[in-house]
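1. here are the coordinates; sequence isn't available:
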């Protein structure tokens, strides 16, 4: 299998998110989907299921709580199986190309980590952007500043251990 990742479309979505006027209400999901050409397939009290049309899995969820959007998390590539060495190499190359292009457009990421794969983070005035390559899939996470603050607080509490 060859890696299925549309770097041009993925870059366009990230740059659209960077330029979007986020209020972090659930109305943003509808506005952002209209802007990117994505389609809302379902809605519940916990968020939205979205079809992106981006190459690959096209899995996308927008998590919300009580009308407040927390984050949008979506795959932006097809899954490459671990035993597909050629596909893994192609996906890594596409990931590097995407993150290089995002670095040119957004500046240097504030963090680069590697747990189950490379993960880059950009802090912007209205959102935090993560792009990661995990378990053979490239993921995009758009997170509100408040949700990011909460996540970091939880991580800190976990790191400190039980009281």
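-> Received it, and whenever you're ready, just let me know what you need. Everything quoted here is computed from the prediction, not taken from an experiment. Numbers count the residues shown, from 1 in each chain.
2. now stretch 105-117: buried residues?
-> 106, 109, 117 (16 or more other CB atoms under 10 Å). Bear in mind the C-beta positions are built from the backbone N, C-alpha and C, glycine included.
3. okay if I get these as a markdown table plus secondary structure?
-> Formatted as a markdown table, the buried residues of stretch 105-117 follow (DSSP: H, G, I helix; E, B strand; the rest coil):
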| residue | secondary structure |
| --- | --- |
| 106 | helix |
| 109 | coil |
| 117 | coil |
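4. contacting residues around the residue nearest the centre of the chain?
-> Most central in the chain under CA atoms, centre = their mean is residue 140, positioned 1.7 Å from the mean C-alpha point. Residue 140 makes contact with 10, 13, 14, 72, 73, 74, 75, 76, 129, 130, 131, according to CB atoms under 8 Å, 6 or more residues apart in numbering.
5. let's see it at 6 Å
-> 74, 76, 131 (CB atoms under 6 Å, 6 or more residues apart in numbering).
6. if you rank those by neighbours, which is first?
-> Within those, neighbour counts (other CB atoms under 10 Å) peak at residue 76, which reaches 28 neighbours.
7. other SSEs contacting the helix or strand bottoming out on mean pLDDT in the chain?
-> Every helix and strand in the chain was compared by mean pLDDT, DSSP states H and E; the lowest is strand 111-114, with a mean of 76. Helices and strands touching strand 111-114, by 3 or more CB pairs under 6 Å, 6 or more residues apart in numbering; DSSP states H and E, are strand 118-123.
8. how about the secondary structure of residue 5?
-> coil.
9. going along the chain, name the helices of the protein.
-> 7-19, 27-36, 85-106, 145-160 (DSSP state H).
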